[in-house]
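1. coords please:
(chains A and B)
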2 protein chains.
Amino acid sequence: MATQISPLAPAVTPTLPPIKGVRLASHAAGIRYKVRSDLMVAELAPGTTVGGVLTRSLTASAPVESCRVHLKGGSGRVLVVNAGNANTFTGRRGVADVETTCAAAAEVFGCKPAEVFVSSTGTIGVPLPVDKITGALPEVKAKLSEAAWADAAAAIMTTDTFPKVATRTALIDGKTVTINGMCKGSGMIAPDMGTMLAYVFTDAAIAAPVVQTLIAAGADKSFNCMTVDSDTSTSDTLLMFATGAAGNTVITTADDPRLAAFAAALDDLLIELAKLVAKDGEGATKFIEIRVTGAEHKAGAKRIALSIANSPLVKTAIAGEDANWGRIVMAVGKAGERADRDKLTIAVGGTTITRDGGPVPDYDEAPVVAHMKGKEIVIEVDVGIGTGSAIVWTCDLTHGYIDINGSYRT
Amino acid sequence: MATQISPLAPAVTPTLPPIKGVRLASHAAGIRYKVRSDLMVAELAPGTTVGGVLTRSLTASAPVESCRVHLKGGSGRVLVVNAGNANTFTGRRGVADVETTCAAAAEVFGCKPAEVFVSSTGTIGVPLPVDKITGALPEVKAKLSEAAWADAAAAIMTTDTFPKVATRTALIDGKTVTINGMCKGSGMIAPDMGTMLAYVFTDAAIAAPVVQTLIAAGADKSFNCMTVDSDTSTSDTLLMFATGAAGNTVITTADDPRLAAFAAALDDLLIELAKLVAKDGEGATKFIEIRVTGAEHKAGAKRIALSIANSPLVKTAIAGEDANWGRIVMAVGKAGERADRDKLTIAVGGTTITRDGGPVPDYDEAPVVAHMKGKEIVIEVDVGIGTGSAIVWTCDLTHGYIDINGSYRT
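-> From the prediction side, this is the model:
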């Protein structure tokens, strides 16, 4: 579908190192696409713990509801992800198709169905050709490799124009543990969720409840601070698997001081992935960081930042490289949060534009115009009434978005 | 700016009849535009009552704040509206400019400054050239006419591609009273407000508190059920003036049974105007009516309808004539209102597409595809859990919107 790589794609895609206890494979199952891989399977070693964050959509997909149940067990052995079909709003058959997939994977990989995690992404409302997935599992198992990260990340793409991966290391008990992450997402991207699909793998030994705490906290600082088009997906899924193969003494409480470096590395990795999604927003030509300070409280700051990030008028102005800061004022005003027009300060690209309820005297637009021509736009808003702050990432709204979404199914 | 008339514009623009006690004039004041009228003045006869609804934006314009104060007096003698400059976020100078305008108009027209209502629409953050307005008032007064409705409606346009007017009559005390309305608006249009700018005039004799009740109730059924791009304006203003010249005995309570026909005619006129705004939504090629039934309550139904109406993915699919109903499911799910995936019924153009949590058996897309090619799209959603219902009007999201808003200030 997408023919051109986003101009905001990173120059170099990192090569992910192996993680003990994780083997992956991708496969062209022919679910919707003809000439590309559309199925990704990860096998996790026995003892792998899992935590996750799922969409809060009330029309969530059948795979999301299955993950919600399976997360309660805390044990993850197989991850099965297909692109091209979201298995969403497919009725009782959709639910049965997930159960069929879990049962087949449990049989092939030798685990319990409740240890299988399924995600589907693509068109809504089309029955899943589940036989293409279950029939391929033995062949996929034979292809499993510790090195197939790039292929796996490519197999889960839909309108994405580049694969999204990141890696970090941290020390626990003096042992180096590795964290690998991958995600997909380009449209139907808005917070209040995990994200589209994102998977994090580590060899650290961490008990399932602690994995859950870590990933939920990390999602709040990363994917939940990012929006492309304000449309929350029915399939948003963020899962983290910890194989324990690194050999550290298992961490069983979230306040264990040994977790500090790991949690920081995890947050950093999640933020990198979230930014990659905004940078591959459908039709994106500019990456936008919105920093709000001085709001009544943190939640208010975030709502103001999201109001700016989701405003079609702000996003189209940035696409047109127009420093139309009046639209930022509008978006602050419509957020419904406490604000005082006469205390609002707005800066773009580090240049202060407004103060005391109007443009600064002798405002020189030249540096702002130059900043707008760049690929990374920074908008700072100080509400001037409190100490709440938030950062949100998004992209501009261009003809490309209309092109992609006016004909997605055709 | 706008060069092409919306394909959704009405074939015929109604000619508005005179209303006793109302005289209007338009004028090319050179506020921003060079070759068109950009100033509209209406003179109201002594005794005219006024009510209104203003934006709830927390970064409201200086004219809106002035109207908010003047509405408390309930008496309206002069309306001064300029296009090309919103006098928003213009600091203390902006407030002073409104006061200057009110004082000058009071002088020229022989009334109190508190009986002058000012609106400004156009670019945010640019100081208003107030002298061009005050200096023109004597000349404008000399041009006042009972017939200048079409010119007046044209003078307040910004990105509008056609003037928006409507007229109705009703009987009170056996006397025919007339209601004329005009409005402007095309982008930065979302509920939680009056609307962009809308003015209603009647010769009925109605006390100011009753005018206020009528216009607030009418706004809830019309402008507050309409969205173009989810962006709430800083200038939204809806004012209604009642001159009393029709000669009915003055109506002093909102529950007066003589008001029933008038209120119905007023609501009908406001709905017509609101629909015209959606039909002139920036870049619009399709008018969309979204009917939600079976929600938990009325407010929930409206939030679901607005979630669909404001979804960029729904709007771009309709622009592409793609019956991508999965995006409607998504928008219901993200609305945050009670919903049950398996009870949701969706119909487009009268054809039922989903039932029991999935597509209806043997769903035939052909009539839906044919409906999508038309100019008026009807989406019906039955949530299936209660009795709350709502209707919302909007338009599609096209390349035209990006074109208009990527370069609005240039």
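2. all contacts plus neighbour counts: C-alpha atoms, from now on.
-> Fine.
3. List the residues that contact A:Met240.
-> By C-alpha atoms under 8 Å, 6 or more residues apart in numbering or on different chains, the residues touching A:Met240 are A:Val50, A:Gly51, A:Gly52, A:Tyr199, A:Val200, A:Phe201, A:Thr202, A:Val211, A:Ile215.
4. How about A:Ala114?
-> By C-alpha under 8 Å, 6+ apart, the contact set of A:Ala114 is A:His70, A:Gly73, A:Cys102.
5. can I assume the first one is in contact with A:Phe117?
-> Yes. In terms of C-alpha atoms under 8 Å, A:His70 counts as a neighbour of A:Phe117; the distance is 7.2 Å.
6. These two: which has the busier surroundings?
-> A:Phe117 (29 against 20; other C-alpha atoms under 10 Å in any protein chain shown).
7. Tell me which helix or strand that one sits in.
-> Assigned by DSSP states H and E, A:Phe117 belongs to strand A:116-123.
8. Endpoints of stretch A:379-390, how far apart?
-> Across its full length, stretch A:379-390 reaches 12 Å between end residues, using C-alpha to C-alpha, to the nearest Å.
9. Report the mean confidence score over that stretch.
-> Stretch A:379-390 comes out with an average pLDDT of 93.
10. circling back to that earlier point, just checking, which of the contacts of A:Met240 belong to helices?
-> Here DSSP state H is the test, and the contacts of A:Met240 give A:Val211, A:Ile215 as lying in helices.
11. wait, A:Arg291 sits on A:Ile391?
-> Yes. Contact between A:Arg291 and A:Ile391 holds when scored by C-alpha under 8 Å: they sit 4.5 Å apart.
12. between the two, what contacts are shared?
-> A:Ala305.
13. and stretch A:159-178, C-alpha only, in CSV?
-> Output in CSV follows, covering the C-alpha atoms of stretch A:159-178 (Å, rounded to 0.1, in the frame of the first residue of the first chain):
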residue,chain,number,x,y,z
THR,A,159,0.5,1.1,6.2
ASP,A,160,3.8,1.5,8.0
THR,A,161,6.6,2.6,5.6
PHE,A,162,9.5,1.3,7.7
PRO,A,163,10.0,-1.3,10.4
LYS,A,164,10.2,0.0,13.9
VAL,A,165,12.7,-1.6,16.3
ALA,A,166,14.9,-0.5,19.2
THR,A,167,17.3,-2.1,21.7
ARG,A,168,18.7,-1.2,25.1
THR,A,169,20.8,-2.9,27.7
ALA,A,170,20.9,-2.5,31.5
LEU,A,171,22.7,-4.1,34.5
ILE,A,172,20.9,-6.2,37.0
ASP,A,173,23.0,-8.0,39.7
GLY,A,174,26.1,-7.0,37.7
LYS,A,175,24.7,-9.0,34.7
THR,A,176,24.0,-7.3,31.4
VAL,A,177,20.4,-7.8,30.4
THR,A,178,19.1,-6.9,26.9
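14. buried set for that stretch?
-> A:159-172, A:177-178 (16 or more other C-alpha atoms under 10 Å in any protein chain shown).
15. Now intersect those residues with the strands, please.
-> Per DSSP state E, strands hold the following members of the buried residues of stretch A:159-178: A:Lys164, A:Val165, A:Ala166, A:Thr167, A:Arg168, A:Thr169, A:Ala170, A:Leu171, A:Ile172, A:Val177, A:Thr178.
16. returning to what we had before: from the contacts of A:Met240, which two are the most distant?
-> Comparing all pairs in the contacts of A:Met240 by C-alpha to C-alpha, the longest separation belongs to A:Gly52 and A:Thr202, at 13.7 Å.
17. any idea of the mean pLDDT in stretch A:67-78?
-> This predicted structure assigns stretch A:67-78 an average pLDDT of 92.
18. Can you give me the neighbour number for A:Thr15?
-> By the other C-alpha under 10 Å criterion, the neighbourhood of A:Thr15 contains 13 residues.
19. can you pull the contacts of the closest residue to it other than its chain neighbours?
-> When the adjacent residues along the chain are set aside, A:Thr15 lies closest to A:Ala150, with 7.4 Å between them (C-alpha to C-alpha, 6 or more residues apart in numbering or on different chains). A:Ala150 sits next to A:Thr15, A:Leu16, A:Pro163, A:Val165 when contact means C-alpha under 8 Å, 6+ apart.
20. ok, so of those, who is nearest B:His399?
-> For B:His399, the closest of those turns out to be A:Pro163, at 27.5 Å, with distances computed as C-alpha to C-alpha.
21. For the residue nearest to A:Thr15, give me the pLDDT.
-> Model confidence at A:Ala150 (pLDDT) stands at 93.
22. Kindly report the same for A:Ala105.
-> The predicted local confidence for A:Ala105 comes out at a pLDDT of 97.
23. And A:Asp192, by the same measure?
-> For A:Asp192, the model assigns a pLDDT of 40.
24. again with A:Pro367
-> We have a pLDDT of 94 for A:Pro367.
25. which non-adjacent residue is nearest it?
-> Nearest to A:Pro367 is A:Thr351, by C-alpha to C-alpha, 6+ apart, at 7.2 Å.
26. beta partners for that neighbour?
-> Following DSSP bridges, A:Thr351 is listed with bridge partners A:Val348.
27. what's the answer for A:Cys395, then?
-> Beta-bridge pairing for A:Cys395 (DSSP bridges): A:Phe287.
28. can you pull the contacts of it?
-> Contact partners of A:Cys395, counting by C-alpha under 8 Å, 6+ apart, are A:Thr227, A:Val228, A:Ala278, A:Lys279, A:Gly281, A:Ala284, A:Thr285, A:Lys286, A:Phe287, A:Ile288, A:Ala309, A:Lys315.
29. Now, those that are in strands?
-> Cross-referencing the contacts of A:Cys395 against strands under DSSP E gives A:Phe287, A:Ile288.
30. so who does the nearest residue to A:Thr123 once chain neighbours are set aside touch?
-> Across the structure, with C-alpha to C-alpha, 6+ apart as the measure, the residue nearest A:Thr123 apart from its sequence neighbours is A:Asn85 (4.8 Å). With contact taken as C-alpha under 8 Å, 6+ apart, A:Asn85 is in contact with A:Ile31, A:Arg32, A:Ser120, A:Thr121, A:Gly122, A:Thr123, A:Ile124, A:Val126, A:Pro127, A:Leu128.
31. mind listing what the strand holding A:Phe117 pairs with, with the direction of each?
-> Each strand pairing with strand A:116-123, determined using DSSP bridges, is listed with its direction: strand A:78-85 (parallel).
32. Quick check: what element follows the partner strand along the chain?
-> Sequence order places helix A:91-109 as the next helix or strand after strand A:78-85, per DSSP H and E.
33. Contact residues of the stretch 301-410 of chain A facing chain B?
-> Contact residues (C-alpha under 8 Å from any C-alpha of the partner chain) of the stretch 301-410 of chain A with chain B: A:311-313, A:316-322, A:324, A:326-327, A:329-342, A:356-359, A:397-399, A:402, A:405-409.
34. For those residues, I'd like a selection string for PyMOL - just the buried members, please.
-> Of these, the buried ones go into a single PyMOL selection, burial set by 16+ other C-alpha under 10 Å:
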select buried, chain A and resi 311+312+313+316+317+318+319+320+321+322+324+326+327+329+330+331+332+333+334+335+336+337+338+339+340+341+342+356+357+358+359+397+398+399+402+405+406+407+408
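35. tell me the domain ranges of chain A?
-> Using automatic domain parsing, the domain parsing of chain A gives A:22-277, A:287-405.
36. These into TSV, with extra columns for distance to B:Thr59?
-> Listed next are these as TSV, based on distance: least, C-alpha to C-alpha, whole Å:
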stretch	distance to B:Thr59
domain A:22-277	22
domain A:287-405	4
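37. where does chain A have low pLDDT?
-> Scanning chain A for pLDDT under 70 picks out the ranges A:1-3, A:186-196, A:228-235, A:407-410.
38. got a list of contacts for stretch A:13-23?
-> Residues from elsewhere that reach stretch A:13-23 (C-alpha under 8 Å, 6+ apart): A:42-45, A:144-150, A:164-167, A:178-180, A:201-203, A:243-246.
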